[in-house]
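Q: Predicted model follows, preceded by the sequence.
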Amino acid sequence: MKSRKPSIPYIIWMVVFTMIPIIMIGFTAFTDKNGNFSLQAFTNAFYYTNIFVKSLWIALISTAICLVLAYPLAYLLTRMKESTQNTLIMLLMVPMWMNFLLRIYAWVTLLQDNSPIDMMLSLLGIHSTYIGNTGAVILGMVYEYLPFMVLPIYTVMSKIDNGLIEAAQDLGSSNFTVFRKVVAPLSVPGIISGVTMVFVPSASTFLVAQYLGGPDDIMIGDVIEKIFWTDQNTGSAISLILMIFIFVFLIIMNLFGDEEAIA
Amino acid sequence: MKRIISIVLASAMTATCVACLSGCGGSASADAGEVNVYNWGEYISNGEDDTLDVIEEFERRTNIKVNYTTYETNEELYNMLKNSNVSYDVVIPSEYMISRLIDEDMLLELDFDNIPNYDNLMERFKKLSCDPEGKYTVCYSWGITGMVYDKTKVKTKPDSWDALWNKDLSGQILMFNNSRDAMAIAMQLEGINPANCTKADVDKAAKKLKEQKPLLKKYVMDQVFTEMENSQSAIAPYYAGDIITMMDNNEDLDYAMPKDGANLFYDAMCIPKCSKNKENAEKFINFMQDPEIAAANFEYLNYATPNQVAYDDYIDEDAKNNKFIYPSDEYLDKCYVFTNVSDEVYSYMQEQFVKIQAD
């Protein structure tokens, strides 16, 4: 039997910082202010159904856009010289060295009135407002999470055995058929972990909407943050529902690919 | 093997629980000759731009070492006092939080023999409404809320909060992203005194805020600085001291004081029950009300000082004549102070405010 000793620190960590907090959230969600059992918190949580739907919808659109942008990029990357690949991956990572809030703040100055983008488009005769709407929120999310989509897809694709591609070519496949029959199916695990890594954090994100959106753009993460100020029971109930949604999403993703793709 | 795991887990859990429960209680003994000050971020003169480094000056004069840490919200301060093991000697909460700390018996009575500079305070700020007997607090600074507007976008100087409901400015209005301040503005327009509001009053205010939402550009707090300084929005309510800072950075901006009255807020220095250096804490409080120090601190903060001697002898005429920083007594009598709002009403207020944003 293999020794379990090396895993002890991780188990302790998981229990203290993941399991206990989740149990506490669960406990708080099912009680009222005085600690008695109550379902009131869930009744309150239902008020925010529209925000739930909107947040999941925004997360879904952001994930789809990320996938559309990232997939061809990852594919093109794998076809380049190795040194070029490394440089480009580096460039993709550079923005992630900066704090996430600072990057969102940079987008505020890029999108506001009389900003560089606004001025350039005005020169072309396009006048509009680019900030304070749902589009800006989605833009911020796509920008934020794109690398999390590119990297897993790229990693999986670059591991595809060149022999398989050559074999397909030897058997007379066109480039498109090689892609459709060999590369695409083998890259599914990358897509699955990419989608998971983008959808889960963007569904629960907060502050992005507060910075880039208008008065109507509030996401479930913002609601949880605000509610927690005074009403921890409802806040916990909403968090719990969000967790269940994400859990269901992970199970659905699980059905598509092998389990190891989902970290 | 299993037994070892469970023992380790059990002890880890016990340790966390003990840490949670003991709160202000336990922890190691403090060294003599230090004082732990816990203040708002950027809320003390620190030597930048030729201002006086107040903490360094205190250390020089008294040889007491200051351990200075900061918080961002009153609630954060409350959580630290209630649930952590750290010991603080001086904290500077706002009026409503002081009421709560007094209610929950979390403050020590001050020994005013050690704080002779207390006599320098303005009468209005001696027995604060949150501490009517004046046993626990020494006022640190105060201010009022008001409006900042962009003269190029708003042609006539607004004189009432209803400028924030002006349809002509639709899409250029900002509003407090903070239930207390936002609700209070709506209440004043409805003729309700926010200081002792009820749930029914909150409902009325919420209705008023719902009418405002379609006209808004955004609900903001700190973002108001970039919005107004970069001429992105036309009008916003905020705190007077910060509005003066914005005006320094954009000359198109001006302030407006609503005739309905505004919120008078103040922060005061208190000593929490977990203090281990009470005498040093009193020395620090006394030092902060030294007229010279209070004046130097005001210069950095732009928030008004409650120190009468500093106001009379040390503060320059420009600042004194600024009616937004030092409003007349008549205006101050129209302002309300948030102290008596019960937890229940406050939590209802917060809930309604989130619902307005969620709808």
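A: That came through fine.

Q: which ones are touching the residue of the stretch 101-250 of chain A found nearest chain B?
A: Nearest residue of the stretch 101-250 of chain A to chain B: residue A:230, at 3.8 Å (CB to the nearest CB). Backbone N, C-alpha and C define where each C-beta goes, glycine included. For residue A:230, the contacting residues are B:343, B:346-347, B:350-351, by CB atoms under 8 Å, 6 or more residues apart in numbering or on different chains.

Q: So it: helix, strand or coil?
A: In three-state terms, and counting by DSSP: H, G, I helix; E, B strand; the rest coil, residue A:230 is coil.

Q: and if you look at residue A:19?
A: Under three-state DSSP, residue A:19 falls in the helix class.

Q: Check which helices and strands the longest helix seen in chain A is in contact with.
A: The helix that spans the most residues within chain A, counting by DSSP state H, is helix A:49-78. If contacts are counted by 3 or more CB pairs under 8 Å, 6 or more residues apart in numbering or on different chains; DSSP states H and E, helix A:49-78 sits against helix A:82-93, helix A:134-158, helix A:188-204, helix A:220-228, helix A:232-256.

Q: So what's the model's average confidence on it?
A: Across helix A:49-78, pLDDT averages out at 94.

Q: okay, the angle between it and helix A:134-158?
A: 40 degrees (axes from the mean of the first three to the mean of the last three CA atoms, to 10 degrees).

Q: Not counting its neighbours along the chain, what's nearest the residue of the stretch 51-200 of chain B found nearest chain A?
A: Here the stretch 51-200 of chain B gets closest to chain A at one residue, residue B:75, 6.4 Å apart by CB to the nearest CB. Closest residue to residue B:75 apart from its sequence neighbours, by CB to CB, 6 or more residues apart in numbering or on different chains: residue A:229 at 6.4 Å.

Q: List phi and psi for that neighbour.
A: phi -50, psi -50 (degrees, to the nearest 10).

Q: Number of residues surrounding it?
A: The local packing of residue A:229 (other CB atoms under 10 Å in any protein chain shown) involves 18 other residues.

Q: my guess is it contacts residue B:349, does it?
A: No. Between residue A:229 and residue B:349 there is no contact under CB atoms under 8 Å: 10.4 Å.

Q: Point me to the residue of the stretch 251-359 of chain B nearest chain A.
A: When scored by CB to the nearest CB, the stretch 251-359 of chain B has residue B:347 as its residue closest to chain A, at 3.8 Å.

Q: Would you double-check that that residue falls in a helix?
A: Yes. Applying three-state DSSP, one finds residue B:347 inside a helix.

Q: before we move on, the earlier item: from the contacts of residue A:230, keep the buried residues only.
A: The neighbour count (16 or more other CB atoms under 10 Å in any protein chain shown) marks B:346-347, B:350-351 as buried among the contacts of residue A:230.

Q: Columns pLDDT on top of those residues, output as a markdown table?
A: Listed next are the buried ones among the contacts of residue A:230 as a markdown table, based on pLDDT from 0 to 100:
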| residue | pLDDT |
| --- | --- |
| B:346 | 88 |
| B:347 | 88 |
| B:350 | 91 |
| B:351 | 92 |
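
Q: And those, which two are furthest apart?
A: Largest separation among the buried ones among the contacts of residue A:230 by CB to CB: B:346 and B:351, giving 9.7 Å.

Q: picking up where we left off before, tell me which of the buried ones among the contacts of residue A:230 is nearest to residue A:39?
A: residue B:351 (17.2 Å).

Q: Who are the packing partners of the helix or strand hosting that closest one?
A: Using DSSP states H and E, residue B:351 maps to helix B:343-358. If you count contacts as 3+ CB pairs under 8 Å, 6+ apart, helix B:343-358 packs onto helix A:220-228, helix B:179-189, helix B:199-212.

Q: Please tabulate these in JSON lines and include mean pLDDT as additional columns.
A: Formatted as JSON lines, the helices and strands packed on helix B:343-358 follow (pLDDT from 0 to 100):
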{"stretch": "helix A:220-228", "mean pLDDT": "90"}
{"stretch": "helix B:179-189", "mean pLDDT": "93"}
{"stretch": "helix B:199-212", "mean pLDDT": "96"}
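
Q: Please verify my assumption that residue B:93 contacts residue B:269.
A: No. Between residue B:93 and residue B:269 no contact is recorded; they are 9.2 Å apart, counting by CB under 8 Å.

Q: between those two, which one's more packed in?
A: Under the neighbour definition other CB under 10 Å, residue B:93 and residue B:269 were set side by side, and residue B:93 has more, 27 against 24.

Q: List the contacts of the spatially most central residue of chain A.
A: Geometric centre of chain A, nearest residue: residue A:198, 1.9 Å, by CA atoms, centre = their mean. Contact partners of residue A:198, counting by CB under 8 Å, 6+ apart, are A:62-63, A:66-67, A:145, A:148-149.
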